[in-house]
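Peer 1: give the three-dimensional model of this entry:
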Amino acid sequence: MPGDRLTQQDRRQIADGLAGGLTYAEIARRLKRPTSTVTREVMRHGGPGAYHADQAQRAADRRVHHKTTTPAAARGDADVGGRDLRTVREVADQLTDLLVQGGIPQMMAKMLAALYTTDSGSLTSAELVQHLQVSPASISKAVGYLEAQELIRRERDPRRRAERYVIDDNVWYQAMVASARANALLADTARRSARTLGPTTPAGVRLENMSHFLTHVGEDLVRSAEHWRQVYAAPRRTNTGEPGVDHPHPLGPTEV
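Peer 2: Next up, the predicted model:
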């Protein structure tokens, strides 16, 4: 059974498989590894069109060296609940890769993953800089993007006189409602376009069907999101990480 870490030979086989047009699953079977391991490896090192075995090996060696020589406190590995730091970082890396595949930029995905894998669900800018080993400017840019997408919010930490960036309990509910509203706008445009082109023409019928599809799916999505938000409502945590009372706030109309 292969060890936990990919070897240089493994990486060369991955590069050869990509060059030969093999899928991640086919490469994984040859290596006797999970498909997710191969997918994560390729996406972490530039994607299928830019993967190079030697470069990937050097990057992996640097990560190992950094983890074994840098004290945990200096890396910002706070709030991991006594768990093994390597395990926490592996979980964060996997989550980062999946978020990137879902369309979130790399730096923003790393920040989200860092927040999700802390027990408090919140970190200061300084903690994120240490945790991710990036510049304050990179954190600031990621914050701007994630706030615009309503994926995080700011919270004042009076003890440190600093802002904390927080993963809201309702984050995915809010994101789904926002997506449904965007689709509702598209549905309305398609409906008006169908009328303009003629509702009985092939193009008009196609646009009208598109409008109905997006409208009904959006309505179903919002109803489902609201239902499961109530089912899985979690107690809100304060900026100290202690459990607090959940005070639902108005989210505005959810009609699409």
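Peer 1: tell me the first helix or strand C-terminal of the helix or strand that contains residue 110.
Peer 2: Secondary structure assigned from DSSP states H and E places residue 110 in helix 106-116. Note on helix 106-116: by DSSP H and E, the next helix or strand toward the C-terminus is strand 122-124.
Peer 1: strand partners of that following strand, parallel vs antiparallel please.
Peer 2: strand 162-166 (antiparallel) (DSSP bridges).
Peer 1: tell me the buried residues in the helix or strand just after the strand it pairs with?
Peer 2: Counting by DSSP H and E, the next helix or strand C-terminal to strand 162-166 is helix 171-197. By neighbour count with 16 or more other Cβ atoms under 10 Å, helix 171-197 contains the buried residues 171, 173-174, 176-177, 180-181, 183-184, 187, 190-191, 193-194, 197. For every residue, glycine as well, the C-beta is placed using N, CA and C.
Peer 1: shaky segments in the stretch 51-200 of the chain?
Peer 2: 63-83, 160 (pLDDT under 70).
Peer 1: quick one: the helices in the stretch 1-150 of the chain?
Peer 2: Listed in chain order, the helices of the stretch 1-150 of the chain (DSSP state H, counting those that start in this stretch) span 8-19, 24-31, 35-44, 53-69, 85-101, 106-116, 125-132, 136-148.
Peer 1: the second one to helix 8-19, inter-axis angle?
Peer 2: In this structure, helix 24-31 runs at an angle of 140 degrees to helix 8-19, with axes from the mean of the first three to the mean of the last three Cα atoms, to 10 degrees as the basis.
Peer 1: so which elements touch helix 24-31?
Peer 2: Applying 3 or more Cβ pairs under 8 Å, 6 or more residues apart in numbering; DSSP states H and E, we find helix 24-31 packed against helix 8-19, helix 35-44.
Peer 1: same question, the first one
Peer 2: Packing partners of helix 8-19 (3+ Cβ pairs under 8 Å, 6+ apart): helix 24-31, helix 35-44, helix 53-69.
Peer 1: run the angle between that helix and helix 35-44 for me.
Peer 2: Using the same axes, to 10 degrees: helix 8-19 against helix 35-44 is 80 degrees.
Peer 1: follow-up on the earlier one: now, of the helices and strands packed on helix 8-19, which is deepest in the fold?
Peer 2: Counting by mean count of other Cβ atoms under 10 Å, helix 35-44 has the highest mean neighbour count of these, with a mean of 20.
Peer 1: how distant is that helix from the center of its chain?
Peer 2: 15 Å (Cα atoms, centre = their mean, to the nearest Å).
Peer 1: same check on stretch 200-217?
Peer 2: 32 Å.
Peer 1: OK, contacts around residue 52?
Peer 2: 15, 45, 46 (Cβ atoms under 8 Å, 6 or more residues apart in numbering).
Peer 1: possible to save these as a markdown table with pLDDT?
Peer 2: Below are the contacts of residue 52 laid out as a markdown table (pLDDT from 0 to 100):
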| residue | pLDDT |
| --- | --- |
| 15 | 93 |
| 45 | 83 |
| 46 | 80 |
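Peer 1: quick one: which of the residues you listed is nearest residue 129?
Peer 2: The nearest member of the contacts of residue 52 to residue 129, counting by Cβ to Cβ, is residue 45 at 23.5 Å.
Peer 1: the closest one and residue 39, how far apart?
Peer 2: 12 Å (Cβ to Cβ, to the nearest Å).
Peer 1: how is the protein partitioned into domains?
Peer 2: 8-69, 85-166, 169-256 (automatic domain parsing).
Peer 1: which phi and psi does the spatially closest residue to residue 168 that is not a sequence neighbour have?
Peer 2: Among residues not flanking residue 168 along the chain, residue 153 sits closest, at 5.5 Å (Cβ to Cβ, 6 or more residues apart in numbering). Per-residue torsions, residue 153: phi -140, psi 160 (degrees, to the nearest 10).
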